[in-house]
Each structure stands twice: as C-alpha cells, then as structure tokens.
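Q: Just to be clear, the model below is a prediction. Sequence and coordinates:
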Amino acid sequence: MEFYNFEAEQLNGKKVKMEEYKGKTVVVVNTASKCGLTPQYEGLEKLYQKYRDEGLVVLGFPCNQFANQEPGNADAIQEFCEINFGVSFPMFAKIEVNGEGAHPIFKYLKDELKGLFGKKIKWNFTKFVIDKNGKPVKRFAPVTKPEKMESTIKKLL
C-alpha cells in the first residue's frame, strides 16, 4: 500500500482520493476543536498559506477519541475552523486514529512512522509529513508547534 491508494471523505461529504495530492508535500494531522492544542490550527494555516503555491497541502482529520474533544458534527467543525482560525486547507470527516475503527490512512501512517507509543497516536495534533512521492518521512508529536515543522517542509518542497 502507498499513501496515494487511500481516499477519505471531506467534511462536505465529497470523497477525495489521495492521488489528487501527487507531487505535493502533504501534512496529515488529527485535529480537535476543544483541545489545549487547538490553537495549532493557526500555525497549520500559516504554513499552508506560506507554502501552498510551492506545493504544500495540509489535510485535517477531526477525531473525537481523546477526551471527547471533537464532539461536533461536520457543519460545527467546519464553522469552528473557519471562524476561529480561518482554516482554508482541506478538512475531512471525523475519523478514529487508534483501535479497530482507525481510518486506513492513519493505520498506514502509524505503520510507516512509529512514535513514542509505537503504532498508537498519543493525542490530538499528531502530524505526519509525506514527501512529493507519497513517502511518509517524518512524524511530529502533538505538542510540536507547526512552525517547528517548517525546515522539514522547506527541504521537501
């Protein structure tokens, strides 16, 4: 399996094949609206705005598996992200990242890039960077601010 073989549903219900992002540097992140790390949306959006013309795309995947910090439905998540953080990067339907029901993209990324807790995702805002060829190259911890990923992203662009 490779990253481009997967697909996911956006908040608006549209199915998107990851192959649409071929040739781009991709950041995949599990998000939540009611988390102490939620302000990272701002940093992710800044990176996206700064580098999207050079081929960066950020993909947000809301997840409610950590202390029920993403309780809203698709409309509530979309509204929250736009109003509070001006999020313009693609946001996907709420998913699970751990356990039996984990989304296939996250199963794949956890297999490719293990973290401190092995194949588990520790918390909201775990970030995976994928190069232009679809190869996962780096995993960043939830507490790592998006701006700390900038040098890695610049090298891959």
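A: Here it is on my side, so go on. Numbering: from 1, shown residues only.
Q: Could I get the full set of strands for the chain?
A: All strands of the chain, identified by DSSP state E, fall at 7-9, 15-17, 25-31, 56-62, 127-130, 136-140.
Q: Now do the last one: which elements does it pack against?
A: With contacts taken as 3 or more Cβ pairs under 8 Å, 6 or more residues apart in numbering; DSSP states H and E, strand 136-140 sits against helix 104-112, strand 127-130, helix 150-156. C-beta: built from backbone N, CA, C; applies to glycine.
Q: can you rerun that using 6 Å?
A: Packed against strand 136-140, as judged by 3 or more Cβ pairs under 6 Å, 6 or more residues apart in numbering; DSSP states H and E, are the following elements: strand 127-130.
Q: Same list, the strands of the chain, but as a markdown table with mean pLDDT and mean neighbour count please.
A: Shown next, in a markdown table, are these (pLDDT from 0 to 100; neighbours: other Cβ atoms under 10 Å):
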| stretch | mean pLDDT | mean neighbour count |
| --- | --- | --- |
| strand 7-9 | 97 | 16 |
| strand 15-17 | 97 | 12 |
| strand 25-31 | 98 | 25 |
| strand 56-62 | 98 | 22 |
| strand 127-130 | 97 | 24 |
| strand 136-140 | 96 | 18 |
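Q: Dump these to JSON lines, plus distance to residue 147.
A: What follows is those, written out as JSON lines (distance: least, Cβ to Cβ, whole Å):
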{"stretch": "strand 7-9", "distance to residue 147": "26"}
{"stretch": "strand 15-17", "distance to residue 147": "27"}
{"stretch": "strand 25-31", "distance to residue 147": "12"}
{"stretch": "strand 56-62", "distance to residue 147": "13"}
{"stretch": "strand 127-130", "distance to residue 147": "12"}
{"stretch": "strand 136-140", "distance to residue 147": "11"}
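Q: of all these, which lies closest to residue 112?
A: Taking Cβ to Cβ as the measure, the strands of the chain were each checked against residue 112, and strand 136-140 came out nearest at 4.2 Å.
Q: measure residue 63 to residue 2 for me?
A: The span separating residue 63 from residue 2 equals 23 Å under the rule Cβ to Cβ, to the nearest Å.
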